[in-house]
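Participant: below is the sequence, then the predicted model.
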Amino acid sequence: MSGLQDVFAACRAEDRAALIGYLPAGYPTVAGSKELLDGMLSGTGDAPGCDLVEIGIPFSDPVIDGPTIQAASDTALRAGFRVRDLFDVVSSVAEAGKHAVVMTYWNPVHQYGPERFARDLAAAGGLGVITPDLVPDEAEDWIAASDAHGIDRIFLVAPSSTEQRLAMTAKASSGFVYATSVMGVTGARDSVGSAAAGLVRRTRAHTDLPIGVGLGVRTPEHAAEVAGFADGVIVGSAFVNRAEADGVAGVRELAAELGRGVRSR
């Protein structure tokens, strides 16, 4: 059983979905991102925080990032973030006994070297990688490297995915499948995409892997809604917004609020 399987199994044992929070590494600084991630994972004294964090690699040419995450990534890059800093941030999570995956566009991994990236991430205690712009039929090098170092591969499915694409993506994935609730870029929204539940149902026909839903979740009510049909509730822009406004205390409070949401479905 992989580390990610353990995370989802523990949540299933509590009859709930996993809460997964996103933050770019190096935002607002490398040290600052460690503190924010710790707050997201800790929650508050009366409510647990995230079960898993996605640690993003800031990138200068994003594909699906909305303005909130683009601005946070730009802040990290201007502060001097380098890919090697990612492994330090991941290590800080793993050394605290918590769980982390990485979300990254393919270019930074390609430039770093897929085998080297998988090796260094495994050494840092990372559990998997989400690659939003890499499709399974173009991922031969990454599949080989991740298999060699025991890193889970998390590919994305979307409401527009055909049944053939869903089957291919599910077969190539491990850890969990990332289902995007809407078409378009990331960002907090007023409601969860209406296609999300249907996409999860369609994806389940092709895999026994957990399915996490992201893009647009920002409130406890959203979290409860998504937890009613998905195995994981993924929150990104809302955490970045709260970090910008209220720092570590803010992300602790949001993690606790969302944690209560996934437990109240």
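Facilitator: Everything's here; your move.

Participant: find the centremost residue of the protein, please.
Facilitator: Among the residues of the chain, the one closest to the centroid is E54, at 3.5 Å (C-alpha atoms, centre = their mean).

Participant: can you confirm that residue is in a strand?
Facilitator: Yes - counting by DSSP: H, G, I helix; E, B strand; the rest coil, E54 is located in a strand.

Participant: in which helix or strand would I find the closest residue to it other than its chain neighbours?
Facilitator: The shortest distance from E54 to any non-neighbouring residue, by C-beta to C-beta, 6 or more residues apart in numbering, is to Y22 (4.2 Å). In this view, the C-beta of every residue, glycine as well, is placed from N, C-alpha and C. Assigned by DSSP states H and E, Y22 falls within strand 18-24.

Participant: direction included, what does that strand pair against?
Facilitator: strand 52-56 (parallel), strand 232-235 (parallel) (DSSP bridges).

Participant: of all those, which one is nearest A256?
Facilitator: A256 lies closest to strand 232-235 among the strands paired with strand 18-24, at 12.5 Å (C-beta to C-beta).

Participant: okay, buried residues for the longest helix along the chain please.
Facilitator: Scanning the chain for the helix with the most residues, using DSSP state H, yields helix 237-263. Residues of helix 237-263 classed as buried: 237-243, 248, 250-263 (neighbour count, 16 or more other C-beta atoms under 10 Å).

Participant: same question, stretch 217-226
Facilitator: In stretch 217-226, counting by 16+ other C-beta under 10 Å, buried: 217-220, 222-226.

Participant: cool, stretch 228-238 as well?
Facilitator: Those would be 229-238, for stretch 228-238 by 16+ other C-beta under 10 Å.

Participant: got it, and stretch 74-88?
Facilitator: In stretch 74-88, counting by 16+ other C-beta under 10 Å, buried: 74-77, 79, 81, 83, 85-87.

Participant: so what sits opposite the residue nearest to R165 when sequence neighbours are not counted in the bridge?
Facilitator: Using C-beta to C-beta, 6+ apart and skipping residues adjacent in sequence, the residue nearest R165 is V157, 7.2 Å away. When bridges are called by DSSP bridges, V157 pairs up with A179.
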